[in-house]
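1. Pasting a predicted model and its sequence here:
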Amino acid sequence: MTISEQTWNDLLMTPNVLGVTQIKYTDNEWLNELIQFVVHGSYEKLFSENSILQDILLKNQNDSQWNEIMMKLNHDQELIDLLHSLIGIAYLQLFVINNFLGPKTELSKLEQSMSESTINELLICDGETPVATIESLDYLYQAIKVFHVNRNTHWTDSWWTMRTLVIHQKILSDRSMTLCDHIQQCIDKLLTHQSEMNKTQQLLFFIEISYISQYYYNWKQVDHARTAAIELSALEVHLTGQLGKRTRYQVNNTSQLLVDITRKDLQQIPTETNKIDEEPLILPKNLALNDDVVLNQIQFENGNDFQNLTIQLNIFEQLTLLLIIYDRQVNSPKHEITTEEQLAFLQYILARPINWCVQTCSLTSRCQHETESTRRIERTLLQLQELVDQFDHKEPSSVFRLQYFYSTPIYSTWKLKNDVANIYAKLGLLNNALDLYLHLKKWSDVISCYQSLKKLSLAEHIIREQLKIKETPDLLCSLGEVTDEFEYFERAWILSKERNGRAQRLMGKYYFNRGNYEKACEHLCKAVEINSLQHDTWFWLGSSAFRTEKWELGVRAYSRCINIEPDNFEAWNNLAACHIKLKQKDKAHKVFIEAIKCNYDNWKVWENFLWTSADCGEIEDVIQAYHRLIDLKTKYIDKDVLQRLVHLLAENDHNEVWTKIYQKSLELFGRLSSQVTNDADIWELYSDLCQLKKDDNSVDWQMKILQNLQRAHRCAVSQTTGWENEVSTINDILKLSIKLANVSNDKLSEHHGNESFKQLCHSIRLALNSVLTRLKQKYDSSLLTTNEIMTEHIHQLEQSLSQLTDTLLKS
């Protein structure tokens, strides 16, 4: 028989707490009852009232219990597939309840055909093991048995497969590329069925894949999914301001950040399926801020309560707003301004709560943003502890907590406890942090705590005690980290049957720290083959490749690193360096632009960008980089770059673009010469730059050219102590003198009638004459003629000086 679309759609939206009306989903009474259980969230009833279903997936299909079920379903394959889906959904939901939401639900114990350790082994993926404190791992294993990528029944099964794989990923110690690929297969399959989804389903689908894509660093898919979700929600979200007070003793109202939300099209908004007004809501407790200075909430002008400045969002709008908040959190740099913006969004969503998962995520996010505030840190710790404790509260029911769980980035209980431990460690409460890390069996963090407490031997003792209970690759790796002994990493690798990426990663770091970069490359390459989603491993590989001059490998490693973590400026910088080594300067220039975006205040990155821009002939970037380096280092001199800048301007055609760039170049030299007043080369280059302006023949501009060259000459003569003692410096001074004399002769012929110009030339003539006099006083005529180049320079200078003197006498 054909299963109706409503059956699959209702199962997809489980738990549906409004299902008071008993819908007949199928003519098979027994299966219809099972569907009702799942749709309304009575997952434990599915098994308690039908105990044969509890471990039926692990039994042979020739088993008597299987035959009994086949009889009940009339051997109809479509109904059998539906039954599999019901069992898979129930087991997945029960696993989520027991590890993410609470209160814990226990099924009656049956004789298991597989041990917990066997199931734990089967759930290892790409060498990443399940977290040690997981409850009811067999539930997830049963769900995975049903929902796999090759299952091909109804399109909603792909959705449940995606959810199952996501939960599988969340229980692992790190990201798995295999699971990432399988999840992407599900997403691609569901995108082909988008036309069959209603608007609510489309909105939830795009929200879910946005969070998944964020986790796996698929930023292009994130942008597409987020944009589609916001469009479907028909929300317009803006930041605005209102006058108000933030502290208890504030006298005057000041502008306070506020979120303004409007609906574009009321008809597009999906209606809420849960009548939240019919029964009192039991939601996570939002603890007030009890501080003697900072108010719990901003007091807005005219006595406006914050709720009066907000609109009641339905659940789908709240889910969309939560997505915007988390997207901004991932893509915004850590800064006081972005923190304030995020808190404004969270304040809006916390003002009118309606959903348990949304409220929990919002409070968790607020805690993450308030950890840097000394006045809010106490509230943060208490709030996180409250979120941990609510797991064991009997109210609200697990069905209520489960609503829209997959459309939120809600943390597992062990992740929340880990956050509490991290804050303890940050505050210096190491013993409190240590207790939590030991409970969670987070051995790397345990080692860090003992290192800070200077009790590393205790860490080794605890890990060895754990190894006596059971030897695992992770424990051996942790022991290797504590003892810094390579053999434990090797043992971990062998024990894992050459599947543990952490072992190879630590072997690579072991060799890297000892300067054996060839060996480090070898092991780190194996590590990224096992798990290619760890940006720190790619960075270490890139660094090893750079030191062994394997530039192509360095480009590959750093490119992958920045794809995963776009804000890593060191990876961008090193990637550009690899491109330079490969003579790919244009690529290096583009990469440095990205590195600057990630770290705008790092002068080394700007210097690299300056040099690459100069090599690539990007004049505007050279000017921008030089200005920024002056900002960062006050006085910054790079004569080669300045010479290149003047040379590039001299080569380019004079047009409108050239004029704009030329003006910017003059501003740069003007700023630089005001800070560095005693450098002959800079003044000479400034004069050369001014001479490029051929269309300005005014007296003032021509005088500026001469004055800059005169300052260069003055600096060269006065700043170079004992210049007349070295042949090389004598020749340098003579060259500059000849240049000054020739330019003066050229300009004077055009402006011989201007008194100011003539005075300047008189001053120059005296300076040039003093150079010749100084040389003649130091050496007699026989010594001056021993160096042919010097002799030629002196002869040229005497000729030019004679011409300048004659011109001045005639005028």
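-> Perfect, thanks for sending it.

2. Lowest-scoring secondary structure element of the protein by mean pLDDT?
-> When the helices and strands of the chain are compared on mean pLDDT, DSSP states H and E, helix 781-784 comes out lowest with a mean of 56.

3. ok, then the element right after that one?
-> Per DSSP states H and E, the first helix or strand lying C-terminal to helix 781-784 is helix 788-810.

4. What residues of that next one count as buried?
-> For helix 788-810, the neighbour count (16 or more other Cβ atoms under 10 Å) marks 790, 793, 794, 796, 797, 800, 801, 803, 804, 807, 808 as buried. In short, each C-beta sits where N, CA and C put it, glycine included.

5. residue contacts, the first one?
-> When contacts are counted by Cβ atoms under 8 Å, 6 or more residues apart in numbering, residue 790 touches 727, 730, 731, 734, 784.

6. By neighbour count, which of these wins?
-> Counting neighbours by other Cβ atoms under 10 Å, residue 730 leads the contacts of residue 790 with 23 neighbours.

7. pretty sure that one is touching residue 724, no?
-> Yes - between residue 730 and residue 724 a contact is recorded at 6.1 Å, counting by Cβ atoms under 8 Å.

8. Any chance you could list residues touching both of these two?
-> The contact sets of residue 730 and residue 724 overlap at residue 775 (Cβ under 8 Å, 6+ apart).

9. low-confidence ranges in the stretch 251-400 of the chain?
-> Within the stretch 251-400 of the chain, the stretches with pLDDT under 70 are 266-280, 303-309.

10. Apply 80 and report the result again.
-> Applying pLDDT under 80 to the stretch 251-400 of the chain flags residues 265-280, 302-310, 332-335.

11. residue boundaries of the strands in it?
-> Using DSSP state E, counting those that start in this stretch, the strands of the stretch 251-400 of the chain run over 254-263, 294-300.

12. Reformat those strands as JSON lines; add mean neighbour count and distance to residue 101.
-> Formatted as JSON lines, the strands of the stretch 251-400 of the chain follow (neighbours: other Cβ atoms under 10 Å; distance: least, Cβ to Cβ, whole Å):
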{"stretch": "strand 254-263", "mean neighbour count": "15", "distance to residue 101": "28"}
{"stretch": "strand 294-300", "mean neighbour count": "16", "distance to residue 101": "28"}
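
13. Tell me which of these sits nearest to residue 103.
-> The closest of the strands of the stretch 251-400 of the chain to residue 103 is strand 294-300. By Cβ to Cβ, the value is 29.5 Å.

14. partner strands of that closest one, parallel or antiparallel?
-> strand 235-247 (antiparallel) (DSSP bridges).

15. Between strand 254-263 and the partner strand, find me the angle.
-> Relative orientation of strand 235-247 and strand 254-263, computed by axes from the mean of the first three to the mean of the last three Cα atoms, to 10 degrees: 160 degrees.

16. What residues of strand 235-247 count as buried?
-> With burial defined by 16+ other Cβ under 10 Å, the residues of strand 235-247 counted as buried are 235, 237, 242, 244, 245.

17. now swap in stretch 686-700 and tell me
-> Of all the residues in stretch 686-700, those buried under the rule 16+ other Cβ under 10 Å are 686, 687, 688, 689, 690, 691, 692, 693.

18. And for stretch 676-684?
-> Under the neighbour-count criterion of 16+ other Cβ under 10 Å, stretch 676-684 has 676, 679, 680, 681, 682, 683, 684 buried.

19. Next step: those residues restricted to helices.
-> 680, 681, 682, 683, 684 (DSSP state H).

20. Distance of the fourth one relative to residue 705?
-> As defined by Cβ to Cβ, to the nearest Å, residue 683 lies at a distance of 11 Å from residue 705.

21. With the last one instead?
-> Using Cβ to Cβ, one gets 11 Å for the distance from residue 684 to residue 705.

22. what's the answer for the second one, then?
-> Residue 681 sits at a distance of 16 Å from residue 705 (criterion: Cβ to Cβ).

23. Kindly report the same for the first one.
-> Using Cβ to Cβ, one obtains 16 Å as the distance from residue 680 to residue 705.

24. for the third one, same thing?
-> Relative to residue 705, residue 682 is positioned 15 Å away (Cβ to Cβ).

25. Low-confidence regions, the stretch 101-250 of the chain specifically.
-> Applying pLDDT under 80 to the stretch 101-250 of the chain picks out residues 108-114, 152.

26. which residues of it fall in helices?
-> 116-122, 137-146, 155-170, 177-191, 199-215, 219-233 (DSSP state H, counting those that start in this stretch).

27. among those helices, which is nearest residue 23?
-> helix 155-170 (16.7 Å).

28. From the chain's centroid, how far away is the closest one?
-> A distance of 26 Å separates the centroid of the chain from that of helix 155-170, by Cα atoms, centre = their mean, to the nearest Å.

29. for stretch 410-424, same thing?
-> Distance of stretch 410-424 from its chain centroid, counting by Cα atoms, centre = their mean, is 21 Å.

30. again, but for stretch 429-445
-> That offset, for stretch 429-445, works out to 27 Å (Cα atoms, centre = their mean).

31. average model confidence for it?
-> Averaging the model's pLDDT scores along stretch 429-445 yields 91.

32. For that stretch, buried residues please.
-> The neighbour-count check on stretch 429-445 (16+ other Cβ under 10 Å) flags 430, 432, 433, 434, 436, 437, 440, 441, 442, 443, 445 as buried.

33. What separation is there between the fifth one and residue 371?
-> When you say that, I think you mean residue 436. According to Cβ to Cβ, residue 436 and residue 371 sit 16 Å apart.

34. give the contact list for the closest residue to residue 238 other than its chain neighbours.
-> Distance criterion Cβ to Cβ, 6 or more residues apart in numbering; nearest residue to residue 238, sequence neighbours excluded, is residue 260 at 4.8 Å. Contacts for residue 260 (Cβ under 8 Å, 6+ apart) come out as 237, 238, 239, 240.
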